[in-house]
Every structure is written in structure tokens, then in C-alpha cells.
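S.K.: Take a look and give me a structure for this.
(one chain, ligands or ions: 1)
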Amino acid sequence: MANGKTRIAIVVGGKGRGSNMRALAERIAETQDLEVVAVVAPKADIPAVETASSLNLPVRVVPVGDDYHSRLAEALADADWICLAGYLRLFPTSVLEAHAGRVLNIHPALLPKFGGKGMFGMHVHEAVVAAGERESGCTVHFVTEHYDEGAVIAQARCEVLPSDSAEKVAAKVLKLEHETYFAALRRLTQG
Ligand code: GRF
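M.R.: Reported below is the predicted structural model:
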């Protein structure tokens with residue numbers, strides 16, 4: 001909190017579409033007390049990095065490779081809160097320990113359903129449709145050393161119609177994600 005603001009880092013993954021990063025950054029920019037201090041990405045040539053640059057956000061490219069954990073820790077050292085947005089790997093335990101209880105993730109389903117290893121992107125929505133679910137949604141949760149297992153902070157729900165395709169469900173859920181992630185972060189940072 002060097003300038004009195006709460007410092008938020010957003011970590012995106014290699015697929016890096018970046019729509020949650022954008023939604024978070026835009027809402028954070030409207031506040032008086034939060035700021036994005038880093039958008040951390042594993043590669044430079046992904047849409048999330050282009051978007052972050054166009055929003056004048058500080059980008060840190062941390063390629064996966066030798067010393068990845070310590071380089072990631074260094075890029076995130078100043079952050080008060082860390083928001084994973086499309087990060088598909090297990091988050092390093094050493095970084096989790098350094099930011100205990102302050103690393104969040106968003107998942108495109110109503111955890112504990114449709115979570116765990118391999119449950120990401122369209123796989124989630126295809127599984128929801130295949131299971132005949134009548135609702136889906138998104139979950140903001142604390143990150144642990146296991147996939148999608150930390151305590152739930154917030155969930156938002158939408159209806160799944162029998163005629164909905166996985167793509168249709170994905171679009172409904174993504175819209176919810178863009179509201180829910182910031183709302184959860186706002187609540188946590190206000191104590
Ligand atoms: C989102 O569906 C999020 O729930 C999941 O990864 C996806 C990232 O999408 N963790 P985007 O890059 O934010 O558009």
C-alpha cells in the first residue's frame with residue numbers, strides 16, 4: 001500500500017484471452033482505493049497482454065521455465081491481493097504461502113461441481129450440458145495447492161435451458177464472471 005492504495009496483481013494463463021482481467025481492471029480503475037500493480041503473463045504474444053497494454057497496465061512477462069516459481073514470486077512481491085484469471089496451472093505453494101489467504105481464482109461453474117484437473121474452458125460447459133444441469137454459474141474462491149478446492153467466496157447462477165449449447169452456457173457464465181469477480185474482490189478488500 002505504498003500510495004495508500006491496495007495493490008492488486010492479476011495473473012493470466014498462456015491461452016490468455018483476458019476478458020476477466022479487463023473487467024477487473026476497468027472496475028478497479030473506477031475505485032479510489034484499489035490499483036492494478038501488475039498483469040503477469042507467461043508470454044507476450046497473447047490477447048490478454050495486448051489488452052493490458054492498451055489499458056496502460058504494467059505487464060510482467062514471466063515465462064514458464066527455470067526458476068519459474070522464484071521469478072513469479074518476485075513479480076508478485078508487491079501485491080496485496082492476487083487474482084488468477086485464466087491461469088491453468090497449479091499455483092506455486094511458495095507464492096501461496098507468501099500471500100496466505102490473498103490469492104483468488106474464478107472458475108466457470110458452481111464448485112464443487114465441475115471442478116478439478118482438466119476442468120477448464122469449454123470442457124466445463126460441455127460437461128454441464130452433458131449432465132443435463134438446469135443451472136450453472138461461476139465461483140470465486142481462495143486458491144490452494146489443489147485445483148478448484150479452496151473456500152468459496154462468491155457464486156453467481158444462471159439458468160441452463162434444455163436447448164442451450166455449451167457455447168451458449170459459456171456466454172451466460174462469462175457475463176456473470178465479469179461482475180462477480182470484482183464484487184468479491186471489493187468485498188474482501190473492504191474487510
Ligand atoms: C474464465 O472462464 C475463468 O473462469 C477461467 O478461465 C477463463 C478465463 O477467461 N478460470 P478470460 O481469459 O478471462 O476471458
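S.K.: C-alpha from now on. contacts and neighbour counts both.
M.R.: OK.
S.K.: what's residue 19 in contact with, if anything?
M.R.: By C-alpha atoms under 8 Å, 6 or more residues apart in numbering, residue 19 lies in contact with 48, 178.
S.K.: Please report phi then psi for it.
M.R.: phi -70, psi -30 (degrees, to the nearest 10).
S.K.: Quick check: it vs the ligand, distance?
M.R.: 4 Å (C-alpha to the nearest ligand atom, to the nearest Å).
S.K.: swap in residue 58?
M.R.: 17 Å.
S.K.: What are the neighbouring residues in contact with the most centrally placed residue in the chain?
M.R.: For the chain, residue 85 is the residue whose C-alpha lies nearest the centre (C-alpha atoms, centre = their mean; 2.4 Å). By C-alpha under 8 Å, 6+ apart, the contact set of residue 85 is 10, 11, 12, 13, 18, 20, 21, 105, 106.
S.K.: Select from those residues the one having the most neighbours.
M.R.: residue 10 (29 neighbours; other C-alpha atoms under 10 Å).
S.K.: Dig out what that one forms beta bridges with.
M.R.: Assessed by DSSP bridges, residue 10 has beta-bridge partners residue 39, residue 83.
S.K.: quick one, what contacts it?
M.R.: 21, 36, 38, 39, 40, 82, 83, 84, 85.
S.K.: so the fifth one touches residue 9, yeah?
M.R.: It stands for residue 40. Yes: with contact defined as C-alpha atoms under 8 Å, residue 40 counts as touching residue 9 (7.4 Å).
S.K.: so who does the residue lying closest to residue 174 once chain neighbours are set aside touch?
M.R.: Of all residues not flanking residue 174 in the chain, residue 108 sits nearest, at 7.2 Å (C-alpha to C-alpha, 6 or more residues apart in numbering). Contact analysis of residue 108 by C-alpha under 8 Å, 6+ apart lists 120, 121, 124, 125, 137, 138, 139, 170, 173, 174, 177.
S.K.: Can you give me the buried ones in the top helix by length along the chain?
M.R.: Scanning the chain for the helix with the most residues, using DSSP state H, yields helix 166-189. Counting neighbours by 16 or more other C-alpha atoms under 10 Å, one finds that the buried residues in helix 166-189 are 166, 169-170, 172-178, 180-182, 184-185.
S.K.: For that helix, name the packing helices and strands.
M.R.: For helix 166-189, the elements it packs on are helix 19-29, helix 122-130, strand 135-142, strand 152-159, judged by 3 or more C-alpha pairs under 8 Å, 6 or more residues apart in numbering; DSSP states H and E.
S.K.: so where's the protein shaky on pLDDT?
M.R.: 1-2 (pLDDT under 70).
S.K.: tell me the most buried of the helices and strands packed on helix 166-189?
M.R.: With neighbours taken as mean count of other C-alpha atoms under 10 Å, these reach their highest mean count in strand 135-142, at a mean of 24.
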